[in-house]
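# sequence and predicted structure below; questions after.
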There are 2 protein chains.
Amino acid sequence: MSIRLVIADDQALVRGALAALLGLEPDIEVVAELGDGTGVADAVVEHSADVAMLDVEMPGLDGISAAAAVRQAAPGCRVLMVTTFGRPGYLKRAMLAGASGFVVKDTPARQLAEAVRRVHAGLRVVDPGLAAESLASGDSPLTEREAEVLKAASDGGTVADIAKAALLSEGTVRNYLSAAMAKTGARTRAEAVRLAEDNGWLL
Amino acid sequence: MSIRLVIADDQALVRGALAALLGLEPDIEVVAELGDGTGVADAVVEHSADVAMLDVEMPGLDGISAAAAVRQAAPGCRVLMVTTFGRPGYLKRAMLAGASGFVVKDTPARQLAEAVRRVHAGLRVVDPGLAAESLASGDSPLTEREAEVLKAASDGGTVADIAKAALLSEGTVRNYLSAAMAKTGARTRAEAVRLAEDNGWLL
DNA sequence: CACGCCTGATGACATTTGTCATCCCCAAAA
DNA sequence: TTTTGGGGATGACAAATGTCATCAGGCGTG
């Protein structure tokens, strides 16, 4: 009996190509393709899928949240995350959300089918390099609000904009930004944003 | 006789998947897969390819430069750009570099093979939505130095850092940044960076 | 309970940015 | 040839940003 697979990726070209690639495998059957995370859990239930392959970066519901939704709706379905960016923070978050595997998009293509089989067999599949990075960079040093403020700052607005968006005093915003900069070792707000983004501490 | 295709994309998963997808077409033969732009022109010559499919964002030599290299080394080989981000500025730059087509990665998969055939036939293939955006946003309002300084500012350094990187006076850097902000309509340096990046005015 | 830590805020202060006027040199266009 | 526009720079000034001390309430933990 073949592995029933659901694929969710916002880039149609990539999604279709992955489906084509994996559809070639005799023991894998692609039963659904989605362009965002909102319908993934439903699709998994409807097609009684064995494995869900999810991109982390998606419009609507992001991959991490989608993974949690799948686990809740169909505990028997394994989740394999596939991501463009090897943000160390994403890995831990995905695992906490119940994912069984985490691979980046520049792993060799032929390993992908194998990864699907492994998660289906109940094993965990984690990109080794990324795992090392994840351990090295450790958890986010930022508190919830610090991350929230930094995220609000990530589109380049002024302190006033951020304060309005976060419903905080301007002074408080500057304090949080200052704390975030100190913790990340950045000398500039923009640098702090970049560092936090690269580490997957925002979202 | 089948179309001889070279694929270059830095994400191995995507690259392999695209190769698998296009390899299924009876009239297309994938003769080479590359992970960066540096060897593309050589590969095209070596395999006497008819079409080169290039990602814009690649380590080493970027897709635009690679396109120019291909056109120079093998004028008979058409270039089809495939990009993740629909930056309007990229389109024009790619066309100027000699590309025959430009599609974004969230176009339906089945249109891809058709796009390959069209550029092979000498036609131009351009994502319609992106073409409209490109016309709407127009050319970059930034001068060469302004763009250069803005790019140097894009990793969040201080004015002193940028000045050092660009071999300019700090005052001059501030002038250029000010000009860039005025031209882009941004109220912050970071906002100007974001706008310019989104429009493909940097690189 | 006292301690530490997060949230939230205020005010003062030094530094950095952003703005503007003004200057020079040079090249291309009118 | 005069004008226009970019490259490069200086100095002055206003506004924004980053830093720090300090305060207060709340929440969990030893």
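Nice, I can see it.
# any idea which helix or strand in chain A has the lowest mean pLDDT?
Every helix and strand of chain A was ranked by mean pLDDT, DSSP states H and E. The lowest is helix A:128-137, at a mean of 81.
# next secondary structure after that one?
Once the chain leaves helix A:128-137, the next helix or strand it forms, by DSSP states H and E, is helix A:144-153.
# do that following helix and DNA strand D come into contact?
No - residues of helix A:144-153 are not located near DNA strand D by C-beta under 7 Å from any atom of the strand, the shortest gap being 8.0 Å. In this view, the C-beta of every residue, glycine as well, is placed from N, C-alpha and C.
# quick one: the helices in chain A?
Assignment of helices within chain A using DSSP state H yields the ranges A:12-23, A:40-46, A:63-73, A:88-96, A:110-120, A:128-137, A:144-153, A:159-166, A:170-184, A:189-198.
# and the ones you listed as TSV, adding mean neighbour count and distance to chain B?
Converted to TSV, the helices of chain A look like this (neighbours: other C-beta atoms under 10 Å in any protein chain shown; distance: least, C-beta to the nearest C-beta, whole Å):
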stretch	mean neighbour count	distance to chain B
helix A:12-23	23	2
helix A:40-46	20	17
helix A:63-73	22	15
helix A:88-96	21	16
helix A:110-120	19	6
helix A:128-137	14	13
helix A:144-153	20	8
helix A:159-166	17	9
helix A:170-184	17	10
helix A:189-198	21	3
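# columns distance to DNA strand C on top of those, output as CSV?
Below are the helices of chain A laid out as CSV (distance: least, C-beta to the nearest atom of the strand, whole Å):
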stretch, distance to DNA strand C
helix A:12-23, 36
helix A:40-46, 29
helix A:63-73, 20
helix A:88-96, 17
helix A:110-120, 34
helix A:128-137, 18
helix A:144-153, 4
helix A:159-166, 8
helix A:170-184, 2
helix A:189-198, 9
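# hey, least reliable of these by pLDDT?
Ranked by mean pLDDT, those end with helix A:128-137 at the bottom, a mean of 81.
# quick one: contacts of that helix?
Identification of contacts with helix A:128-137 by C-beta atoms under 8 Å, 6 or more residues apart in numbering or on different chains yields A:86, A:88, A:89, A:91, A:92, A:102, A:104, A:199.
# if we can go back for a sec, now the least confident helix or strand of chain A - C-alpha only, PDB.
In PDB, the C-alpha atoms belonging to helix A:128-137 read as follows (Å, rounded to 0.1, in the frame of the first residue of the first chain):
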ATOM      1  CA  PRO A 128      22.100  17.600  10.300                       C
ATOM      2  CA  GLY A 129      23.700  20.900   9.500                       C
ATOM      3  CA  LEU A 130      20.600  22.800  10.600                       C
ATOM      4  CA  ALA A 131      20.400  20.800  13.800                       C
ATOM      5  CA  ALA A 132      23.900  21.800  14.700                       C
ATOM      6  CA  GLU A 133      23.200  25.400  13.900                       C
ATOM      7  CA  SER A 134      20.100  25.200  16.000                       C
ATOM      8  CA  LEU A 135      22.000  23.900  19.000                       C
ATOM      9  CA  ALA A 136      24.700  26.500  18.500                       C
ATOM     10  CA  SER A 137      22.500  29.500  18.200                       C
END
